[in-house]
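Novice: Here's a sequence, model it:
(2 chains)
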Amino acid sequence: MKPAQFDYADPRSVEDAVALLQQHGADAKILAGGQSLVPLLNMRLARPAVIIDVGKLRDLDYIRDDGDALVIGALTTQRSVERSELVAREHPLLAATTRYIAHPQIRNRGTFGGSIAHADPAAECPALAVALDMQITVVGPGGARVIAAADFFVTYLTTSLEQDEILTDVRVPKLTPGTGWSIQEVARRHGDFAMAGAICTLTLERGRCAAARIALFGVGAVPVRAPEAEQTIIGQEPNAALFEEAGARASAEISEPLADIHGSSEFRRHLAGVMTQRALTEAFSRAEAR
Amino acid sequence: MTPDLPKSLSDLPVTAPKWVGKPVNRIEDPMLVTGRVEFIDNLTMPGMLHCAILHSPYPHAKINGIDVTAAESLPGVVAIVTGEDAERWSRVGYTSPEGWGTHCMATDKVRFAGEPVAAVAAVSRYVAEDALELIDVDYEPLPVIVDAHAALEPDSPRIFEEHDSNVMYQRDFKWGDVDGAFAAADHTYTERFRWHRVGANPIETFGVISQWNPISETLTCHGSFQTPAFMALGRAAMHRLPTNKVRAIGQPHGGSFGGKGGGRGIDITALLSRKAGGQPVKWIEDRLEYLSAGGGQAWDRFYEASLAVNDDGTVTGLRVKLLDDLGATGEGFGATGAAKPMASFTGCYAIPNAEYDLTIVATNKLPASPYRGMGPPPHNFVLEQMMDIAARDLGVDPAEFRCRNFIPSDQFPYTIASGNEYDSGDYDAAMKKLLEMADYDALRAEQEQARSEGRLRGIGIVSTIEPGVFDWNAYAVIGQKGVGVPEGVSVSIGNTGKIIVRVGFPLEGQGQYTVAAQLLADYFAVDIGDVEVVAQDSLSAPTNFGPGGSRLAVALTGAVLGAAGKIRDKFVRVAAKLFEVQPEDIELMDGKLRVRGVAGGAQLTVGQAAGILIHRTDLLPDGMEPGAEATFVWSSPDRVPPDDDGRVKSYLTAAYACHLVVVDVDPETGKTEILKYVIVDDCGTRLNPANVEGMIDGAVAQGVGAALLEEYVYDEDGQLLTGTFMDYLLPTIHEVPATEKAALVTPSPFTPLGAKGAGESAIHTTPAAIMCAINDALLPLATRATEVPATPNRLWTLLQAAKQP
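Specialist: Next comes the predicted model:
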């Protein structure tokens, strides 16, 4: 478990990092918190010629209140997000989601931007990005561009980031008033990647569901929304039967979930429905309480 | 001659023991928690090289050739060895059933994915791993057998061509009139069970530094050895060396649980050092290697069990048919795990007739290793499920059903059907205490309530034996012959009364150094800090084995007290001469030698007595050997080889435990949540209750892992799918329940101080208890979980099937 030989660079600016990416192309790999990359290096499953350690780009470590959204620098650790008073006050769903990521030791090093750029379909941050329509800022040789979360995740561990681009920040929209939320996941152990999970928001207006978002993770090559399930409840008066129906819809509308030793495709499909139903139930009770 | 060893705490020469029997803080811990213990990977030596091992990617293949020329020319590479070197300088392994051993590296073929094929010694582990990529092996894939039943088919490919089948061992043991018992029974019950591969996962993997000395032709190995003396003996056999030419030095190490057999790693580094002209070679097994090619896999079993029961709930017969998939070679003493259940075959129950139809088969998987418990945990899981199946059918409460079949407390020592003798116990009292602590009636009422709300609540109640103090005779039937497992220590007392005890086993984590210090501190009435425990290497230590088979606390107690007794006898004679009385008039009490029955008379302290033995030899009785030191080697008394039916008095002690566990199974996700866990256990005299509790806590964790999480999964092509801790799921603190515990103390009449082996502990009980609880939860759905671990996917599949009309 020792990595193959590589060269190492630690740029001090985003521009330098981008220049290095341009120079080395597919031979380079960005190292942030290292929680996914380092094991891959040690197992020699990843063997980049150049490691670009962005750990010195400290000005990418921040959480900023930007009115209707929080803006989070890519190098902000998951632990910082979890413990931020600003996040706790302005975005309890984000805070709750972060606590589902692995364990504190990992969250101490793992970065918010790194998790999104790594794009593990069973991870929580990408699912939250999809659920909330986060705006992802990336910088390349031509400057910055913003990618909507829906366009960002391409397939398993693959994003629409170009080879010479680096993720710099993520804009996380706040929940509107009257919106309840929930994250539910079922994993083999506390802190494991989810066998299936659901993140839901539900907005109540005069007793009816004015808006709903359902994002599912752990069940496909990318985190996905469940539009049919969302449509099932939008405009309706929420109740237990409706959430059960929405769960069944969500379960039915996802494409074939990936099977592994922990769960068959059929089981994960079933779990996606259960998680959806549970998340909607909890989101509704939170919405009512607001 | 065996001296009279104290049979109970009150026999110790102290008015009131200050250390033994108390939850004394472990003397090992300050060094451990401050990071000052020297583990093998901390150790470095001048000229040391680093080894990396090339493992076969194929589970079954012929090797047509190996080309190492490119690897040899990589700068930094010093030596490369392959199966050719192993054939030249070493033997076929001796730890498998006879005829099923291999060399430490593949010679003509590979038999499991992960089998070592070649190894490199280089200036760094990085370079060594780079070199592995340059070695070209010409494999010719052979048909792969993963399924144990398929391996039994007459036309199955052979793992060893020289054998006419893949069956390593087959024997049908019958004890009593089993057929008669089943024919006469009012009820018989039969069920099949599957226990998937689980195993030991110490926090530190195996590691070794081997150095061949070409001048003296000696081999020195530092390593994370559980049993250095035994390891050294094995190396002498493997490398055709005289036993006094191999020195094994056991480094303090981070646990074993049976997973540090490590023979291949030592042998490979020994060959590399020899080829490198004597430079020391270090190999630290990494976690990928540990999981796929190390000592971490055990117990891959298919069971069919039957119970014969009368209307009154008396169990009269037990049949267990086991197909044990030992993997490719059966090396590392894995086969002993199929023999050990005979030491407690019928559990806590008086079942007079029993049958064990045992088949051990080879497949193209990693050879199974020993694991804490050494085999009975799956057997106990099967027996306890059968007890519940019978109880339910007869409409008897499972706790009550067990009580009806317990060996009565006035029947000890009690010989079970398979021949082992249980020393002592009061199973009824333990069960009563358990039910009282758990408030059993209230739990059943809560269960009714939960069920009426559609929840799947279950209560598991089991009782099991922990055979303690292993003897080789327990494994004689499968070829590991021998009687006795001697454990020796040397104790010496200096002229200031400070004590040194020299032992042959390294620090491993169980707290035995503390036990040795407790015993000597009380025996000679000194502070525990006045006792220093020194671990010696295999050429220095007295005859010893070390930890294994729940033996060391008992064996060490025997050895320490035996040595202390010999020193006391010298002290007594010295004092008798000085005080001009007969030795029988002198007693050692509270650290003083004095004339029996004379208050306020002359006395001698331990330090003074030792000082005389060292510096005033003129005062010694005629012919007395100077020095206050003694060596004593203890072994279980009254052990003999098995009889013709395989019956044998093997393990010396029978600790036991009753567990009660409450679970909820989520009907939608199949996840099991442990709500309550209560334990009553009895391991006789508790030498250090804190040690015992630690043993229980750790074993409960491993039991939870086995019941719910851990499983080595191979695909049909023989590839391991659980090669990292992402997929081989160890329980974490979040999955392990806090337990409520109580102890009963029924001293063993056979051991010093009445202590029983307690090191394996709850691993014998927890998997059975959790599975009983899950099956109790599933009862309203008329379905049954028979596969371990009971994963969410498995339980959900059962629930789905049960829902079908």
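
Novice: Please identify the residues of chain B in proximity to chain A?
Specialist: With CB under 8 Å from any CB of the partner chain as the criterion, chain B meets chain A at residues B:125-126, B:129-130, B:286-288, B:668-671, B:709, B:711, B:713, B:721-722, B:724, B:726-727, B:729, B:731-732, B:734-735, B:791-793, B:796-797. In short, each C-beta sits where N, CA and C put it, glycine included.

Novice: And those residues, which of them are buried?
Specialist: Buried subset of those (neighbour count, 16 or more other CB atoms under 10 Å in any protein chain shown): B:125-126, B:129-130, B:286-288, B:668-671, B:709, B:711, B:713, B:722, B:727, B:729, B:731, B:735, B:791-793, B:796-797.

Novice: CA atoms of stretch A:33-53 as PDB?
Specialist: Written as PDB, here are the backbone C-alpha positions of stretch A:33-53 (Å, rounded to 0.1, in the frame of the first residue of the first chain):
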ATOM      1  CA  GLY A  33      -8.500  16.700   2.000                       C
ATOM      2  CA  GLY A  34      -7.100  13.500   0.600                       C
ATOM      3  CA  GLN A  35      -9.900  11.300   2.100                       C
ATOM      4  CA  SER A  36     -10.700   9.600  -1.200                       C
ATOM      5  CA  LEU A  37      -7.600  10.200  -3.200                       C
ATOM      6  CA  VAL A  38      -4.900   9.000  -0.800                       C
ATOM      7  CA  PRO A  39      -6.400   5.500  -0.400                       C
ATOM      8  CA  LEU A  40      -6.700   5.300  -4.200                       C
ATOM      9  CA  LEU A  41      -3.000   6.300  -4.500                       C
ATOM     10  CA  ASN A  42      -1.900   3.800  -1.900                       C
ATOM     11  CA  MET A  43      -3.700   1.000  -3.600                       C
ATOM     12  CA  ARG A  44      -2.200   2.100  -6.900                       C
ATOM     13  CA  LEU A  45      -5.700   2.400  -8.300                       C
ATOM     14  CA  ALA A  46      -4.900   6.000  -9.100                       C
ATOM     15  CA  ARG A  47      -1.400   6.800 -10.400                       C
ATOM     16  CA  PRO A  48      -1.200  10.400 -11.500                       C
ATOM     17  CA  ALA A  49       2.200  11.700 -12.600                       C
ATOM     18  CA  VAL A  50       1.700  14.900 -10.700                       C
ATOM     19  CA  ILE A  51      -0.200  15.700  -7.500                       C
ATOM     20  CA  ILE A  52      -1.300  19.300  -7.200                       C
ATOM     21  CA  ASP A  53      -1.900  19.900  -3.500                       C
END
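
Novice: Now do the helices in the stretch 251-400 of chain B.
Specialist: Applying DSSP state H, counting those that start in this stretch to the stretch 251-400 of chain B gives helices spanning B:263-275, B:287-293, B:336-339, B:376-394, B:398-405.

Novice: Using JSON lines, lay out those helices together with distance to B:P641 and mean pLDDT.
Specialist: Compiled in JSON lines, the helices of the stretch 251-400 of chain B are given as follows (distance: least, CB to CB, whole Å; pLDDT from 0 to 100):
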{"stretch": "helix B:263-275", "distance to B:P641": "26", "mean pLDDT": "96"}
{"stretch": "helix B:287-293", "distance to B:P641": "35", "mean pLDDT": "97"}
{"stretch": "helix B:336-339", "distance to B:P641": "13", "mean pLDDT": "94"}
{"stretch": "helix B:376-394", "distance to B:P641": "21", "mean pLDDT": "98"}
{"stretch": "helix B:398-405", "distance to B:P641": "30", "mean pLDDT": "98"}
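
Novice: Need these in CSV (columns: distance to A:L75).
Specialist: Converted to CSV, the helices of the stretch 251-400 of chain B look like this (distance: least, CB to CB, whole Å):
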stretch, distance to A:L75
helix B:263-275, 41
helix B:287-293, 28
helix B:336-339, 50
helix B:376-394, 47
helix B:398-405, 57
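
Novice: Out of those helices, flag the one nearest B:R568.
Specialist: helix B:336-339 (37.8 Å; CB to CB).

Novice: Please put the alpha-carbon coordinates of that closest one into PDB.
Specialist: Taking Å, rounded to 0.1, in the frame of the first residue of the first chain, the C-alpha atoms of helix B:336-339 are listed here in PDB:
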ATOM      1  CA  THR B 336      -8.500 -27.100  14.900                       C
ATOM      2  CA  GLY B 337     -11.500 -24.800  14.900                       C
ATOM      3  CA  ALA B 338     -13.600 -27.700  13.700                       C
ATOM      4  CA  ALA B 339     -12.400 -30.000  16.500                       C
END
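
Novice: Quick one: distance of it to the chain centre.
Specialist: A distance of 12 Å separates the centroid of the chain from that of helix B:336-339, by CA atoms, centre = their mean, to the nearest Å.

Novice: among the residues of chain B next to chain A, which are in helices?
Specialist: Per DSSP state H, helices hold the following members of the residues of chain B next to chain A: B:R125, B:Y126, B:E129, B:D130, B:R287, B:L288, B:P792, B:N793, B:W796, B:T797.

Novice: Find the residue at the geometric middle of chain B.
Specialist: The centroid of chain B falls nearest to B:R372 when counting by CA atoms, centre = their mean (3.7 Å).

Novice: right, and that one touches B:A200 too?
Specialist: Yes. With contact taken as CB atoms under 8 Å, B:R372 and B:A200 are classed as touching, separated by 6.3 Å.

Novice: which bits of the stretch 51-200 of chain A sit near chain B?
Specialist: Close to chain B, as judged by CB under 8 Å from any CB, the stretch 51-200 of chain A has residues A:H103, A:V186, A:R188, A:R189, A:H190, A:G191, A:D192, A:F193, A:M195.

Novice: Present the residues you listed as CSV; the columns should include neighbour count.
Specialist: Below are these laid out as CSV (neighbours: other CB atoms under 10 Å in any protein chain shown):
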residue, neighbour count
A:H103, 14
A:V186, 24
A:R188, 22
A:R189, 14
A:H190, 13
A:G191, 17
A:D192, 20
A:F193, 21
A:M195, 27
